[in-house]
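In: With the sequence up front, the predicted model follows.
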Amino acid sequence: MFLENLALKGTAVQSSTFYSCGAAKAIDGIRYSPSGKPYPDETYTYCSITSRQLNPWWRLDLLDSYNIFNVTVTNRGDCCLEQTTGAEIRIGNSLENNGNNNPRCGVTSSVPAGSSVSFSCGGMEGRYVNMYIPNIQAYLTLCEVEVYGTDSCEDFI
């Protein structure tokens, strides 16, 4: 079974936007995390970043429901590694609480600088994939989010 990166077909929004670091930058297909040298402003070019706020979130709308098997998150490589730490990956079909009440696939621990970490979601069904840091004031930074799955109507043989 071939799994495609469904994120490339979707649209993204986030709870707020720091500088010019909009939500779509995390689904542009560029798994690049700037090192800060020689151009520290590259983070603003390649990564989505929310403002520092209580309960920051980022949401991908896949425009249809899919069985999600894997979510891969790429962290920035220049600084501020904690800006992905503790993010809950939530998948489902509800927009209640901006989609942050959907079932949880996993929680990021410390993602090393410039690295990508994958989470197995076992075929969870959903249209929305959220990254959500609950109960603290924080920035949420995502340099790339990849979502691998199949059409939820597809039969497996």
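Out: It's in.
In: what about the helices in this structure?
Out: Along the chain, the segments classed as helices by DSSP state H run 42-46.
In: Flag the shaky bits of it, pLDDT-wise.
Out: Across the chain, residues meeting the criterion (pLDDT under 70) sit at 1-2, 32-44, 152-157.
In: Try it again at 50.
Out: 38-39, 155, 157 (pLDDT under 50).
In: Do you have the strands of it handy? List them.
Out: Secondary structure of the chain (DSSP state E): strands located at 4-5, 11-14, 48-49, 53-54, 57-74, 88-92, 104-107, 116-132, 137-138, 141-142, 144-151.
In: strand partners of the first one, parallel vs antiparallel please.
Out: In other words, strand 4-5. According to DSSP bridges, strand 4-5 forms sheet pairs with strand 144-151 (antiparallel).
In: between the strand it pairs with and strand 88-92, how many degrees?
Out: With axes from the mean of the first three to the mean of the last three CA atoms, to 10 degrees defining the directions, strand 144-151 sits at 30 degrees from strand 88-92.
In: what's in contact with strand 144-151?
Out: 1, 3-7, 10, 12, 26-33, 58, 60, 62, 64, 66-74, 116, 121, 123, 129, 131 (CB atoms under 8 Å, 6 or more residues apart in numbering). C-beta: built from backbone N, CA, C; applies to glycine.
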